[in-house]
Each structure stands twice: as structure tokens, then as C-alpha cells.
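1. Can you look at this prediction? I've put the sequence above it.
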Amino acid sequence: MIDFLYLFAQQTINGVYLGLMYVMVALGLTLIYGVMNQINFAHSDFVTCGAFAAYFVSTRLATKWLGIPDTLGYVLSVFASLFVGTLLGLLINAIVFVPLRKNGGQLRPLIATIGISVLIENGLLAWVGPVPYQFDSPFTQVTYRLGKIFLSQQNILVILITVGSVAAIYAFLKYTFLGKALRAVAQDRETAGLMGINPNFLIGLTIAMSSALASMAGAMLGPSLVLTPFVGTGLIVKSFAIVIIGGFGNMEGTILAGLLVGLIEAFTVQYLGSGLIDLVVFVLLLVMLVVKPSGLIAERKEVNV
């Protein structure tokens, strides 16, 4: 019985850790859909760019060129990925989305995100090549033990950064003037514009926040993945599933769904084997679409994001 409780606690910790990673990726999709009522197919590539930015900052710039200790170098690489993601989001918004929004229509921006995805993937392929990269975090080498429960410094760091980021986004949306203005744009863009709010600025801010979250998630997921220019593709499919399960455009639903999927994956690995992870998750998605297609928390535009 004691061993079962230890095993249950260990898998719960693993599931929460994994679920928080999914939440970081899926929240960006939720923010964009909640404000723009649009899906961003290039979101996976923001994750990939963040992972590679963290890899090069941590392994090359910080430790080899500047002589910074490994641990500090990794922490700096996470913040570097945040900067790269923000810059990439602002750049894509200015070059692609702003001109398309002026011409109106929902289909062209959607197609543009597919083109952006192909462009980024092939750009990374030309830059880093097809050879996989192994990104090692120094925090994975230190593990704490409580009975038969193990928790690495990497787990703790990721949980702290993710919870802090989600809390900061939530507080920004709920309690700041810009956050309230962004929610007004999500509810009714035209009316918000008539009230003196600049929808274009807030949409650009949303894209920047979304890409920053995805890039930082890539930096934290990097040590558990083999880095290639297409590493984000597998994650984004599961992130779409999480957004659908949670309820399109709903931040609270996305958080709950991400944690649920993480826990399901952890216990599936323990009792059914790793080969059935995707099967179980997408069976859950199909069940949700049949039983409750609106998601765990139904979409309500007045409370979106």
C-alpha cells in the first residue's frame, strides 16, 4: 500500500510537470483565438525557435564564450528565449498580420500562418541543418528524494517559472488597464475601437505574448527533447487537443485541460506503456467532442482570455 501511494505521488508530480509544459504552449493558442478568433498554425515554430535560442545561448554564448557557469547560463537562456519569442511575434505581426488585417477577411491570415510555419522551418533547416541537437540542462543532474519520490531541480525550476508566468498573464488580463482593454477587444473589437481603445496595438501585444510563452516553453522543454527544426510539430498537435478539450478561447479551461492531459500521460506511461500515450489523449479528445463539444469550460466571449 505504501509503495502504491509513493508511486501515485510520483506520477502525479510527473503529470503536473508535464501538464504545465503543455499549458505554456497551449495558452498562446488560447490567447490568439480569444482575441482574434483565429488559429495560428505557426505557433509550433515559436516553440522550436525558443528551444534553439536557449540551446545556443546556454551552450555557446554563456558557457563557452562568456565563461558563465552552466546553471546561470541555462537560466539566462530561458529569458533569452522569452526575448526572441517576443521579437519574433512583433516582427511577424508587423510584416504579415497588420497588412492582412487592413484588407479584411479571416482566411488570408490563417493561410499566412501556414506560410510562416513553412518559412521558419526551412529557415531553421538551412541554418542548423538536419542533424539533431541534444540540449542538456545542468539542473537535471541534481535530484531531491523524499522517500521513494524523486524531484529534480529542473522539475522545480520549470514548475516555478511556468506557475509564475501563468499567474503573471492572469493578473495582467484581470487587473491591469491594458488587460481589461484586451478583454474588451476580445468581446467586441469595433465597439472597443469606438471607446478609444487601439485594437491593432492590443492584437500585436497578444501575438507577442503568445509567441513569448511558446518560446519560453521551448526553452524549458528543450532538455527533454531532441532538437530539430520540426520539433514543435508534435507538441502543437497535442496543444490543439488541449485547447479543444478546455474550451476554445478560455484560459481557465486550457489550464485545466493541460494539467489533465499531463496527468493522463503520466499514468498511461506507468500502467499502459509509453506507446499508448497519444492514443489515450486523442480518445479523450474524441469523447469530449461527442459528450461536451464546448469543452470543459464553455466559451463565453465576455470572459475570454
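-> Arrived safely.

2. which other helices and strands contact the host helix or strand of residue 73?
-> Assigned by DSSP states H and E, residue 73 belongs to helix 70-92. Other helices and strands packing on helix 70-92, by 3 or more Cβ pairs under 8 Å, 6 or more residues apart in numbering; DSSP states H and E, are helix 43-56, helix 199-221. All C-beta atoms are positioned from the backbone trio N, CA, C, and that covers glycine.

3. Give me the next element, helix or strand, following the last one.
-> Same thing as helix 199-221. strand 226-227.

4. Walk me through which strands that following strand pairs with, and which way each runs.
-> strand 133-134 (antiparallel) (DSSP bridges).

5. outside of the partner strand, which residues touch it?
-> 52, 55, 226, 227, 228 (Cβ atoms under 8 Å, 6 or more residues apart in numbering).

6. Quick one: mean pLDDT over it.
-> Regarding strand 133-134, the rounded mean pLDDT is 89.

7. ok, now stretch 139-154?
-> Mean predicted confidence for stretch 139-154 is 84.

8. Relative to the whole chain's centre, how far out is that stretch?
-> Relative to its parent chain, stretch 139-154 has a centroid offset of 24 Å by Cα atoms, centre = their mean, to the nearest Å.

9. just the helices and strands packed on helix 70-92: most buried one?
-> Of all the helices and strands packed on helix 70-92, helix 43-56 carries the top mean neighbour count, a mean of 27, counting by mean count of other Cβ atoms under 10 Å.

10. Which elements pack onto that helix?
-> Helix 43-56 packs on helix 2-36, helix 70-92, helix 107-128, helix 199-221, strand 226-227, helix 232-246, going by 3+ Cβ pairs under 8 Å, 6+ apart.

11. Contacts made by stretch 20-27 with the rest, please.
-> Under Cβ under 8 Å, 6+ apart, the answer for stretch 20-27 is 43, 47, 158-159, 162-163, 165-166, 169, 210, 213-214, 216-217, 220-221, 235-236, 238-240, 242-243, 246, 251, 254-255, 257-259, 261-262.

12. In ChimeraX, how would I select the buried members of these?
-> Filtering the contacts of stretch 20-27 down to the buried ones (16 or more other Cβ atoms under 10 Å) takes a single ChimeraX command:
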select :43,47,158,159,162,165,166,169,210,213,214,216,217,220,221,235,236,238,239,240,242,243,246,251,254,255,257,258,259,261,262
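
13. How many neighbouring residues does residue 64 have?
-> 11 (other Cβ atoms under 10 Å).

14. What of residue 172?
-> 15.

15. could we number from 882 for the rest of this?
-> Let's use 882 as the start, then, which means that last one is residue 1053.

16. show me what contacts residue 967?
-> Contacts of residue 967 (Cβ under 8 Å, 6+ apart): 1089, 1090, 1092, 1093, 1096.

17. Give me the pLDDT value at it.
-> pLDDT, read off for residue 967, is 94.

18. related to what we said a few turns ago, closest to residue 1019 out of the helices and strands packed on helix 924-937?
-> helix 951-973 (3.9 Å; Cβ to Cβ).

19. any idea which helix or strand comes after the closest one?
-> With secondary structure assigned by DSSP H and E, helix 951-973 is succeeded by helix 979-984.

20. what residues does that next one touch?
-> 989, 990, 993, 1081, 1084, 1085.

21. quick one: which of these is nearest to residue 1000?
-> Checking those one by one against residue 1000 (Cβ to Cβ), the nearest turns out to be residue 993, at 10.1 Å.

22. distance of residue 921 from residue 1001?
-> 12 Å (Cβ to Cβ, to the nearest Å).

23. same question, residue 989
-> From residue 989 over to residue 1001 (counting by Cβ to Cβ), the distance is 18 Å.

24. Contact partners for the residue nearest to residue 927 when sequence neighbours are not counted?
-> Counting by Cβ to Cβ, 6 or more residues apart in numbering, residue 927 lies nearest to residue 1095, which is 3.8 Å off, once chain neighbours are set aside. Shown in contact with residue 1095 (Cβ under 8 Å, 6+ apart): 905, 906, 909, 924, 925, 927, 928, 931, 966, 1113.
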